[in-house]
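Student: Sharing a model that was predicted from the sequence below.
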Amino acid sequence: MTSSETTAGGIDPRPVVGRLPRYAAGKPPAAVEGLASYKLSSNENPLPPLPAVLEAIAQQTDFNRYPDPLSSRLRAALAEFLQVPAEDIVTGAGSLGALNQILAAFAGQNDDGKADEVIYAWRSFEAYPISVGLAGAESVRVPVTADGRHDLEAMAAAVSARTKVILLCTPNNPTGPALTTAETEAFIRTVPSSVVVVIDEAYQEFVRDTEAVDGIALYRKYPNVVVLRTFSKAHGLAGLRVGYSIANPALTQHLRVAATPFAVSQIAESAAIVSLQNFDQVVGRVQSLVDERVRVVGGLRDLGWAVPDAQGNFVWLDLGEASADFAEQAGARALSVRAFPGEGVRVSIGEQEANTRFLELCANYTKAPRGS
């Protein structure tokens, strides 16, 4: 630790903080003369919120008041939209905030000093190890398969008496494949009913695989299943931080205790409600991005590149040691992408021009992904 990183008076954080990775947000693109810059590094929706949503945001004025801590209006709207009881919904600051509430309630360090275990695939969402560690629990990472899928058999074998939570990210960020209904249900049946199974569906609206799992269908069937969803991606409300979990009352009663008060602002609640009311327009925008995803994946495969099944709003390039170099070359073309050094590169589906420029880079890049 450098002198600039030390704290006054020798104050140190909890030991776990020093062992955790730091979340690396996608960087904005560098300015390159003569080129429009595009950010393809954060899986953001490149389209702005719907006009009706922007109007609702502009009309909000009551910021001198605290928001409703239960997000009652939003929960009522979601209950009608999803056909689930409102009491089964707990809102949070994005799906990550909702996840942190789940971990705070069900996984951590126990009175005997032993840490619970949380199992998840790896590589998966990079916030998982941070959230698990800060909750006081211990991460159990199970490597994904060569084609970027969850190895559910290995995950089932990793379950121990200390396992309290399992995280299933579908589609998996950053690799792309979605879990199927059949494999997910078979997996849940092998897991003790005392283990909370979280189905993280941040990109659910982008999925087109007809065999893909529907977390809500499984929450209706299995009392230990919790579903995570968000307004950040399909609805284009990432900056407003509004997400939610869906679970049976036996679980939500504890999640409400762990929930961060006032996590969803009144502006975020109103925006999310209006976006739901205009969901047909959201669907149209999502489909335009799915069409671009199909074009990008097809273009990559036409170039001979091996690309895992892409069911989110991003593609994964298994570039290994060439990952940092590829990101640097993308930056020289005014494109920011998300490199995981030594592993691969995740590229978000963006504007048509950005996607075309990305394909042009790939056509001239000599170090194709592993498996090509």
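Tutor: Thanks, I have the structure now.

Student: what about Thr252, neighbour count?
Tutor: Using other C-beta atoms under 10 Å, Thr252 has 20 neighbouring residues. In short, each C-beta sits where N, CA and C put it, glycine included.

Student: Apologies, that question was intended for Gly243.
Tutor: For Gly243, using other C-beta under 10 Å, the count is 26.

Student: For it, give me its contacts.
Tutor: By C-beta atoms under 8 Å, 6 or more residues apart in numbering, Gly243 lies in contact with 91-98, 202, 228-232.

Student: which residues does it form a beta bridge with?
Tutor: Gly92, Thr230 (DSSP bridges).

Student: ok, it to Lys233 distance?
Tutor: 10 Å (C-beta to C-beta, to the nearest Å).

Student: before we move on, the earlier item: looking at the contacts of Gly243, point me to the pair that's furthest apart.
Tutor: The largest separation in these, counting by C-beta to C-beta, is between Thr91 and Ala202 at 14.7 Å.

Student: Would you map the helices across the stretch 201-350 of the chain?
Tutor: Secondary structure of the stretch 201-350 of the chain by DSSP state H, counting those that start in this stretch: the helices cover 215-221, 249-258, 266-277, 279-302, 323-331.

Student: Please identify the most buried of those helices.
Tutor: helix 266-277 (a mean of 21; mean count of other C-beta atoms under 10 Å).

Student: still on that earlier bit, next, format the helices of the stretch 201-350 of the chain as JSON lines and append mean pLDDT and distance to Lys39.
Tutor: JSON lines is the format used below for the helices of the stretch 201-350 of the chain (pLDDT from 0 to 100; distance: least, C-beta to C-beta, whole Å):
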{"stretch": "helix 215-221", "mean pLDDT": "98", "distance to Lys39": "29"}
{"stretch": "helix 249-258", "mean pLDDT": "96", "distance to Lys39": "33"}
{"stretch": "helix 266-277", "mean pLDDT": "98", "distance to Lys39": "21"}
{"stretch": "helix 279-302", "mean pLDDT": "98", "distance to Lys39": "15"}
{"stretch": "helix 323-331", "mean pLDDT": "97", "distance to Lys39": "11"}
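
Student: would you turn these into TSV with distance to Asp12?
Tutor: Listed next are those as TSV, based on distance: least, C-beta to C-beta, whole Å:
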stretch	distance to Asp12
helix 215-221	40
helix 249-258	26
helix 266-277	35
helix 279-302	45
helix 323-331	32
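
Student: Ok, which of these comes nearest Ala127?
Tutor: Checked against C-beta to C-beta, the stretch from the helices of the stretch 201-350 of the chain lying closest is helix 249-258, at 17.0 Å.

Student: Now do that closest one: everything it contacts.
Tutor: 85, 87-90, 101-102, 104-106, 196, 223-224, 226, 245, 247.

Student: Who wins on neighbours among those residues?
Tutor: Val226 (29 neighbours).

Student: Spit out the residues that contact Gly243 and Lys233 alike.
Tutor: Common neighbours of Gly243 and Lys233, using C-beta under 8 Å, 6+ apart, are Ala202.

Student: Thr91 and Ala202: who's more crowded?
Tutor: Thr91 (28 against 25).

Student: so that one sits right up against Ser71, yeah?
Tutor: Yes - counting by C-beta atoms under 8 Å, Ser71 is a contact partner of Thr91 at 4.1 Å.

Student: Check the contact lists of the two and give me the overlap.
Tutor: In contact with both Thr91 and Ser71: 244, 264, 269, using C-beta under 8 Å, 6+ apart.

Student: May I see these organised as JSON lines, with distance to Tyr365 added?
Tutor: Output for those, formatted as JSON lines (distance: C-beta to C-beta, whole Å):
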{"residue": "Tyr244", "distance to Tyr365": "40"}
{"residue": "Val264", "distance to Tyr365": "42"}
{"residue": "Glu269", "distance to Tyr365": "44"}
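
Student: quick check, nearest of the residues you listed to Ser323?
Tutor: Tyr244 (33.5 Å).

Student: Nearest spatial neighbour of the closest one, chain-adjacent residues omitted?
Tutor: Thr91 (4.7 Å; C-beta to C-beta, 6 or more residues apart in numbering).

Student: tell me the contacts of that neighbour?
Tutor: 70-71, 74-75, 98, 242-244, 259, 263-264, 269.

Student: Domain-wise, how is this protein divided?
Tutor: 14-48+280-364, 62-278 (automatic domain parsing).

Student: hey, which of the ones you listed is tucked in deepest?
Tutor: A comparison of the domains of the chain by mean neighbour count, using mean count of other C-beta under 10 Å, puts domain 62-278 on top with a mean of 19.
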